[in-house]
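Undergrad: Any chance you could fold what I've pasted below:
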Amino acid sequence: MTYPPDDAIGALAIVPALTAGGAVLTAVVGWRRRGVLSARGGIAAGVVSLVATAGMVTTRPDYGALAGVVGLAECAALLLLVAAATRWATPRQAIPGVVVAALAVAVCVLRFLPSDSLLDAVGACALWSIGPLAAVVVGGYARLAEDRRIRSVAAAQHAQRVALSRELHDFVAHDVSGIVALAQAARFVADTDPGRALEALARIEAAGLQALQTMDRTVHMLRHLSDQPDAPAAATPGLADLPALLTRFNDTVRVDADLDPDLVAVVPPEVGATAFRLVTEALTNVRRHAPTATTVEATVRRTSGSALAVTVTNDGPAHRQPARPMPGSASGLADLQERINLLGGSLSAGAYGDGWRVAAVLPLGSR
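TA: Numbers count the residues shown, from 1 in each chain. Presented below is the predicted three-dimensional model:
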């Protein structure tokens, strides 16, 4: 019995290896279209490999050990195509390419299997199927990791958009409602007291500039939202900003403030920001829905327990509505309710005497 030399090799071994290698090289060169090229390359190389396997099983050519080395290189190239198609191709593109290339790798061992036993053939093919399965796992894991990253970025962007919308509602709406109230007051006194009308115009200018600053900051954040989705949001106002807020509101209605200045250092930032938003929303609603109010009482105090109590009360008659209602969203208190619930607090709003009261209790945690 004679044996073929170790370097004996033929077209049935060389052609499928060159096809698989060429498919990998094409995917590398056309990197921008690597998904579709890997999938198509997997189909082409897999079909050629299956044809070569069928030819070698039926003809049993006298190839030497070098043909086996070339066959292993062919399988390696096919596995790269499987992993690449799983990672980058769309499901519709990937499935045909992965199936054909994986099948080609699984049955490639039949070319060199010395036994004709069906049981040996099935066992060998099952063992070689581990390679394609591992390639699918590797490509799929990378694909899932990328999908998770994209979803995480999208969630961060959505959270930033929600925060921006709340800021626009809470702060810009507050300033604009103040402008409207001052403009209405200036119109009524323009003929009888021009000096007060000029003073109201100056306050309108200040409120307008404040609203413009808020809008500029919001637009700036929107412009950088896509490029820097993980960038921290701009600092939001807190308890330290309440005196200035109440001073601006005091232009149209007398405000009695009861604020504990020592709370600024001990209240967590998220609780302070929520308290600020609550007071802002309550004051905005006074301008919108209680134009006859003459006094607003704002109280921010620490309770006997570990909580912050925030109340805003006005003396405007609850049953009266402005002759010309100001436009506005009714989602302000609903958004606050959601935010306060997340902090573990409570919110109530309703008639109080002849006016209206908004009250919240915000836990301070372990501080």
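
Undergrad: helices or strands next to the helix or strand where A197 lies in the packing?
TA: Using DSSP states H and E, A197 maps to helix 194-223. When contacts are defined as 3 or more Cβ pairs under 8 Å, 6 or more residues apart in numbering; DSSP states H and E, helix 194-223 packs onto helix 130-167, helix 173-189, helix 242-249. All C-beta spots, glycine's among them, are computed from the backbone N, C-alpha and C.

Undergrad: Could you list the buried residues of stretch 131-149?
TA: By neighbour count with 16 or more other Cβ atoms under 10 Å, stretch 131-149 contains the buried residues G131, P132, A135, V136, G139.

Undergrad: need the helices and strands packed on helix 194-223 in a markdown table with distance to R339 and mean pLDDT, can you?
TA: Formatted as a markdown table, the helices and strands packed on helix 194-223 follow (distance: least, Cβ to Cβ, whole Å; pLDDT from 0 to 100):
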| stretch | distance to R339 | mean pLDDT |
| --- | --- | --- |
| helix 130-167 | 8 | 85 |
| helix 173-189 | 16 | 72 |
| helix 242-249 | 17 | 82 |
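
Undergrad: right, and the ones you listed - which one's nearest L80?
TA: Closest to L80 of the helices and strands packed on helix 194-223, according to Cβ to Cβ: helix 130-167, at 7.6 Å.

Undergrad: ok so, going back, which two of the buried residues of stretch 131-149 lie the greatest distance from each other?
TA: Among those, the pair separated by the greatest distance (Cβ to Cβ) is G131 and G139, at 12.8 Å.

Undergrad: can you count the residues close to the closest residue to R143 other than its chain neighbours?
TA: In space, R143 comes closest to R87 once its chain neighbours are excluded; the distance is 5.2 Å by Cβ to Cβ, 6 or more residues apart in numbering. Applying other Cβ atoms under 10 Å, we find 22 residues neighbouring R87.

Undergrad: how about R87, secondary structure?
TA: helix (DSSP: H, G, I helix; E, B strand; the rest coil).

Undergrad: where does the stretch 151-300 of the chain dip in pLDDT?
TA: 160, 163-164, 166-175, 214, 217-236, 251-252 (pLDDT under 70).

Undergrad: one more time with 80, if that's ok
TA: 156-237, 248-253, 287-292 (pLDDT under 80).

Undergrad: Over to the stretch 1-150 of the chain?
TA: Low-confidence segments of the stretch 1-150 of the chain (pLDDT under 80): 1-8, 115.

Undergrad: now the helices for the stretch 1-150 of the chain?
TA: Along the stretch 1-150 of the chain, counting by DSSP state H, counting those that start in this stretch, helices occupy 11-29, 34-59, 65-88, 91-108, 118-128, 130-167.

Undergrad: Export these as CSV, with columns for distance to I340.
TA: As requested, those are exported to CSV (distance: least, Cβ to Cβ, whole Å):
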stretch, distance to I340
helix 11-29, 54
helix 34-59, 47
helix 65-88, 44
helix 91-108, 43
helix 118-128, 60
helix 130-167, 13
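
Undergrad: List the contacts of stretch 178-188.
TA: Residues outside stretch 178-188 that contact it (Cβ atoms under 8 Å, 6 or more residues apart in numbering): 196-197, 200-201, 203-204, 207-208, 211, 248-249, 251-252, 287, 291, 326.

Undergrad: Please list all residues in contact with the residue nearest to R143.
TA: G35, V138, G139, G140, A142, R143.

Undergrad: make it 7 Å
TA: G139, A142, R143 (Cβ atoms under 7 Å, 6 or more residues apart in numbering).

Undergrad: measure the last one to I150 for me?
TA: From R143 across to I150, the span is 11 Å (Cβ to Cβ, to the nearest Å).

Undergrad: same thing with the first one?
TA: As defined by Cβ to Cβ, G139 lies at a distance of 17 Å from I150.

Undergrad: Same check on the second one?
TA: If you measure A142 against I150 using Cβ to Cβ, the figure is 13 Å.

Undergrad: who's A351 bridged to?
TA: Under DSSP bridges, the beta-bridge partners of A351 are W356.

Undergrad: count of neighbours near it?
TA: Around A351 there are 11 other residues, counting by other Cβ under 10 Å.

Undergrad: got it, and V15?
TA: As a burial measure, V15 scores 16 neighbours (other Cβ under 10 Å).

Undergrad: and Y63, what does it touch?
TA: Counting by Cβ under 7 Å, 6+ apart, Y63 touches P4, A8, I9, G10, A13.

Undergrad: For the residues you listed, pick the one with the most neighbours.
TA: Neighbour tally across the contacts of Y63 (other Cβ under 10 Å): the maximum, 23 neighbours, falls on A13.

Undergrad: That one contacts G71, correct?
TA: Yes: contact criterion Cβ atoms under 7 Å: A13 and G71 qualify, at 6.2 Å.

Undergrad: hang on, the earlier thing: could you export the contacts of Y63 as TSV, including distance to R357?
TA: TSV is the format used below for the contacts of Y63 (distance: Cβ to Cβ, whole Å):
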residue	distance to R357
P4	98
A8	96
I9	91
G10	93
A13	87
